[in-house]
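Enquirer: below are the sequence and a predicted model for it; my questions follow.
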Amino acid sequence: MAFPILTPQEAADIIKNGDNIGLSGFTAAGTPKVVTEALAAKAEKEHAEGRPFKVNIFSGASTNDHVDGALARANAIGTRTPYQSCPDLRKRINTHDAHYFDLHLSELAQKVRYGTFGDIDVAIIEAARVSDNGEILLGTGVGMSPTVAHLAKKIIIELNEAIPETIEGLHDIYMPLDPPYRREIPIYKPSDRIGTTLLKVDPAKIVGVVRTNLTDGVHGFSPLDETTQMIGNNVCNFLIHELRRGAIPPSFLPLQSGVGNVANAVLFGLGESNEVPAFDMYTEVIQDAVVDLMEHGKCRFASTCSLTFSDAKMAEVFNNIDFFRDKILIRPGEISNSPEIVRRLGVITMNTALEADIFGNINSTHVVGTKMMNGIGGSGDFTRNAYISIFSCPSVAKGGLISTIVPMVSHLDHSEHSVDVLITDQGVADLRGKDPVQRAETIIENCVNPDYKELLWDYLRMGKGGQTPHSLNAALAFHTTFASEGDMRKTDWAKFA
Ligand code: 0RQ
């Protein structure tokens, strides 16, 4: 090999305090695993010797504990974007030890190319293979790899022996032109291939190769609980109803689903339904359920940014790779999440809310209005451009102390203008074609937990008129009551009149 073989420590020594680091991958899939651990150790040593050491991390989406976990514990992250889901980093973000800006995933690569955030000093790219001419076979997630590898002054390769080279052919690497006079991204159906299978970089920029054999380490799913199952059934029944009444074409439409147990339950339900025909996915993440759907012929094709499979499921796919080769394309996040393509293909989008208000606004990111949970991720890329945008969540959190449906969201990620349907374990609120009061009535009747129904009917009656009849003194009373009493059910409207 033309490139020096480095230890993780030697690679970490290439990285300087204040550097902008671009990473391959999307979720834990395809994300580097060893250099950032060594970088965290280096930061701790620097801090112990009284010197500052922080780097800025630009990734496709969330990462893994080797990146966000290790660097956050070492307090070595200056700025972080666009998404994370790591408890240790969450703490750093909420104390402003790490500066986090929460961006639509599709937007980051182009903004980096526009020069918005300065140079990319070092890219760390996980690879199944790297050739002397700079051709890279990427791992199981692409994210921002093409952009950061293209822009970085230096590239460190993590050559991962756990990824079989038979994965070749699954990637579709494409970087759009930038404005002005940008042309369309030529995807007209989910399976259209537009790019290359390998990422080509300038080999002169590859400063070294670090060998690894760590798997992505994605955990499997907990068995479906009753609430998740009910949400999943409600989503499926809604889609079947739309199909029956002709509001979804008989051939069905591509699906996007977020991450987590609800998404898994929905896909499981669709797989069980005899009425839903075999469908395609145009999405950012595919999880274990999609593998089963493909094996049963229910999911024909998935365009994605990552294979976020548990290690066991990944092994199953690797062992049967020829079956999956023409059923999956792994693309950069700005393509998998492209608003242009989501709108063109008519994608049905399914994402999760932390809370929703009775008028259909969605908070996906902030716990009780102030504390960052994860980030908006790709939910906005898809929701705003969907054929039908669906949000789901359990009707209560923390054993009923919190109603996820509130008078006014304590933070806004997706506005009423973009949200078509809200679904909880209680039922379905189809908000399309309804004015704010009609939306509120539908949501309270169908989605709110019985413990909170009367409180929310009373709130709606308290409204002081207007198109959206809020009572501004009381709009955040659920949240302030939770802060003072620890239970939203104790909200007393008389105190807020
Ligand atoms: O806390 O774990 O301490 O009990 O929030 O809630 O119900 O387990 O839901 O894991 O699916 O996460 C919105 C965060 C949901 C996620 C969010 C508490 C609850 C629990 C988690 P505990 P659940 P999930 C694809 C698209 C934004 C990005 C996105 C997310 C914890 O889905 O990050 O959609 N979405 N991306 O108890 C206070 C409330 C609460 C609450 C729940 N109203 N107030 N706490 N919780 N509701 C992904 C990518 O873009 C890659």
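Expert: Right, received. Where do you want to start? Numbers count the residues shown, from 1 in each chain.

Enquirer: in this structure, spot the strand with the most residues.
Expert: strand 122-130 (DSSP state E).

Enquirer: identify the neighbouring strands of that strand in the sheet and state each direction.
Expert: strand 20-23 (parallel), strand 135-138 (antiparallel), strand 154-160 (parallel) (DSSP bridges).

Enquirer: pull the contacting residues for His296.
Expert: Neighbouring residues of His296 by C-beta atoms under 8 Å, 6 or more residues apart in numbering: Gly271. Every residue, glycine included, has its C-beta placed from N, CA and C.

Enquirer: look up the pLDDT of Thr27 for me, please.
Expert: Reported pLDDT at Thr27 in the predicted model: 97.

Enquirer: can you check Asp292 too?
Expert: What the model reports as pLDDT for Asp292 is 93.

Enquirer: that one belongs to a strand?
Expert: No. Counting by DSSP: H, G, I helix; E, B strand; the rest coil, Asp292 is not part of a strand but helix.

Enquirer: need the contact list for the spatially closest residue to it that is not a sequence neighbour.
Expert: Counting by C-beta to C-beta, 6 or more residues apart in numbering, Asp292 lies nearest to Gly271, which is 6.8 Å off, once chain neighbours are set aside. Shown in contact with Gly271 (C-beta under 8 Å, 6+ apart): Ala289, Asp292, Leu293, His296, Lys298, Cys299.

Enquirer: pick out the residue of this protein closest to the ligand.
Expert: For the chain, the nearest residue to the ligand under the criterion C-beta to the nearest ligand atom is Gly377, separated by 2.3 Å.

Enquirer: that residue in helix, strand or coil?
Expert: Gly377 is classified as coil under three-state DSSP.

Enquirer: neighbours of it, how many?
Expert: Using other C-beta atoms under 10 Å, Gly377 has 29 other residues around it.

Enquirer: give me the pLDDT for it.
Expert: 97.

Enquirer: next one: Phe268
Expert: pLDDT for Phe268: 84.

Enquirer: phi, psi of it?
Expert: Note on Phe268: backbone dihedrals following degrees, to the nearest 10 are phi -60, psi -50.

Enquirer: residue contacts, it?
Expert: So Phe268 contacts Leu224, Gly232, Ala289 (C-beta under 8 Å, 6+ apart).

Enquirer: excluding chain neighbours, what is closest to the second one?
Expert: Leaving aside its sequence neighbours, Gly232 sits nearest to Ala265 (C-beta to C-beta, 6+ apart; 3.0 Å).

Enquirer: quick one: which helix or strand includes the one you found?
Expert: Applying DSSP states H and E as the criterion places Ala265 in helix 261-272.

Enquirer: nearest spatial neighbour of Ile335, skipping sequence neighbours?
Expert: Take Ile335 and drop its neighbours on the chain: the residue closest to it by C-beta to C-beta, 6+ apart is Tyr174, 5.8 Å away.

Enquirer: what sits against the one you found?
Expert: Contacts of Tyr174 (C-beta under 8 Å, 6+ apart): Pro146, Ile185, Ile194, Gly195, Thr196, Arg331, Pro332, Ile335.

Enquirer: cool, Val409 as well?
Expert: So Val409 contacts Glu355, Ala356, Asp357, Asn361, Ile362, Asn363 (C-beta under 8 Å, 6+ apart).

Enquirer: look up the residues forming beta bridges with the third one.
Expert: Looking back up the chat, that one is Asp357. Where Asp357 sits in a bridge, its partners, by DSSP bridges, are Val406.
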